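Novice: Here is a sequence with its predicted model. Questions after.
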Amino acid sequence: MGWYEHWLFPRILDLSMRNKEATRLRALVVPDARGATLEVGVGSGLNLRFYGDRVERLIAVDPSEELLRMARRKARTTAFPIEFIARPGEELPLEDNSVDSVVVTFTLCTVADPLKALREMRRVLKPRGEILFAEHGLAPDPAVARWQRRLNPLWRRVAGGCNLDRKMDDLIAGAGFRINKLTTEYAKGPRPMSYVYVSRASLA
């Protein structure tokens, strides 16, 4: 891993993901977490301030050691214990049926195998648990979707592996979840980068 990927890109990512629209969407999703909670793709810890008092403990997973260092600094004021684990979402070192909530925000666009990662989340979720989800992905408008597919190869290279054209609701359902609520919209910003899915789902 080079200097850009190890040191500079995590800081660029942290700054870019502080934008108002991402913050608005985090505030819609994260406060509903409860009990033993797993966050996949915790990144630099931008979700931490949105967790409510129903969270008993948090398991925070991310493959980037540098992003986890940044998240640990933000975690100093949290009221619940946090365990940070440097692993990809496809390899969760947790027991089956061990968490009450899974939080995933702006993560599945970059995971190498999103379906495998979602199946891992399903494996560790308790039978009555929920996955809470905010992601960007494939737009329903054909013209926008064509631009997403055209731009995606270049976008992946400059945006740390982020994909513009993943249809997130299909991925969730394909991993064996039942979508209980789904909201989609264009957030503020260029349309190829701003179509968002906000969802909560349980075991099918």
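Specialist: Yep, that arrived.

Novice: Can you measure across stretch 22-42, start residue to end residue?
Specialist: For stretch 22-42, the separation between the terminal residues is 14 Å (CA to CA, to the nearest Å).

Novice: swap in stretch 152-164?
Specialist: 6 Å.

Novice: what's it in contact with?
Specialist: For stretch 152-164, contacts defined as CB atoms under 8 Å, 6 or more residues apart in numbering pick out 5, 9, 13, 109-110, 112, 136-138, 148-149, 151, 165, 192-193. Where you see a C-beta, it was placed from the backbone N, CA and C, and this is true even at glycine.

Novice: By neighbour count, which of those residues wins?
Specialist: His136 (26 neighbours; other CB atoms under 10 Å).

Novice: list the contacts for it?
Specialist: Phe106, Cys109, Leu164, Ala187, Met193, Ser194, Tyr195, Val196, Tyr197.

Novice: Verify the stated contact: the second one with Glu135.
Specialist: Yes - under the criterion of CB atoms under 8 Å, Cys109 lies in contact with Glu135, with a separation of 6.2 Å.

Novice: Show me what secondary structure element comes after the longest strand belonging to the chain.
Specialist: Using DSSP state E to define each element, the chain has its longest strand at strand 125-136. Sequence-wise, the next helix or strand downstream of strand 125-136 (DSSP states H and E) is helix 142-158.

Novice: Distance from the chain centre to that next one, please.
Specialist: Chain-centre distance of helix 142-158: 20 Å, with CA atoms, centre = their mean, to the nearest Å.

Novice: for the longest strand of the chain, which positions count as buried?
Specialist: Buried positions in strand 125-136, judged by neighbour count with 16 or more other CB atoms under 10 Å: Leu125, Lys126, Gly129, Glu130, Ile131, Leu132, Phe133, Ala134, Glu135, His136.

Novice: Please pull out the lowest mean pLDDT helix or strand from the chain.
Specialist: One helix or strand of the chain scores below all others by mean pLDDT, DSSP states H and E: helix 3, with a mean of 62.
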